[in-house]
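**Q** Kindly generate the corresponding structure for this input.
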Amino acid sequence: MITAMLKKSSSNVQETRITSLVCHVLIWITALFLIPNPLNLIPIPVLYGLFLFLAIVSLDDLQLWERMLLVFTEQNSYPPTHYIRKVPQKMVHCFTLMQVLQLAVLCAVSFSGYPYLKMLFPAFLVLMIPIRLKLIPKLIREQYLKALDGHF
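**A** Model (predicted):
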């Protein structure tokens, strides 16, 4: 008697919108029932600590953070990521500096003590689009920008 073992494996994964729908419904339910009363029982420093922890944990996934660390790393110690092999070191640091300056402008506007300046934050955010599409390509070649953006 011969028995055969069949092994099923997935060849692809299809994204569904059910997951995001369920997540948003759960967020809505949480906001509806927890915001007014029980959320007041949690001290504000605890919430600040939670958000700070989440921000620090997510830094490793950001390419900007990785490129900021490359400024302080010797070139022979660079990780073998695709954009470092395709883009000169000077261009990587130039692009990183431009992004850090844009982030600094957005932070300065949003953390400003002037309420009227804070109201202009969406305008400053929209202003970053023409800077990225028109100004930065004049300073860095298109092929380098595609590599830095993740377009092979």
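**Q** rest of the way, CA atoms for contacts and neighbours
**A** Will do.
**Q** Quick one: name whatever helix or strand follows whichever helix in the chain runs longest.
**A** Counting by DSSP state H, the longest helix found in the chain is helix 89-110. Next helix or strand after helix 89-110 toward the C-terminus (DSSP states H and E): helix 115-119.
**Q** Determine the set of other helices and strands touching that following helix.
**A** helix 89-110 (3 or more CA pairs under 8 Å, 6 or more residues apart in numbering; DSSP states H and E).
**Q** avg pLDDT for the helix it packs on?
**A** Per-residue pLDDT over helix 89-110 has a mean of 92.
**Q** gap between that helix and the chain center?
**A** In terms of CA atoms, centre = their mean, to the nearest Å, the centre of helix 89-110 is found 14 Å from the chain centre.
**Q** Can you name the next helix or strand after the helix or strand containing Leu21?
**A** Using DSSP H and E, Leu21 sits in helix 18-34. Remark: after helix 18-34, the chain's next helix or strand is helix 44-57, criterion DSSP H and E.
**Q** And the helix holding Leu21, what does it pack against?
**A** Applying 3+ CA pairs under 8 Å, 6+ apart, one finds that helix 18-34 contacts no other helix or strand.
**Q** Just the buried residues of it, please?
**A** Of the residues in helix 18-34, none count as buried by neighbour count, 16 or more other CA atoms under 10 Å.
**Q** what is the rounded mean pLDDT of it?
**A** For helix 18-34, mean pLDDT is 79.
**Q** Which strands or helices does the longest helix of the chain pack on?
**A** Judged by 3+ CA pairs under 8 Å, 6+ apart, helix 89-110 is in contact with helix 63-70, helix 115-119, helix 121-130.
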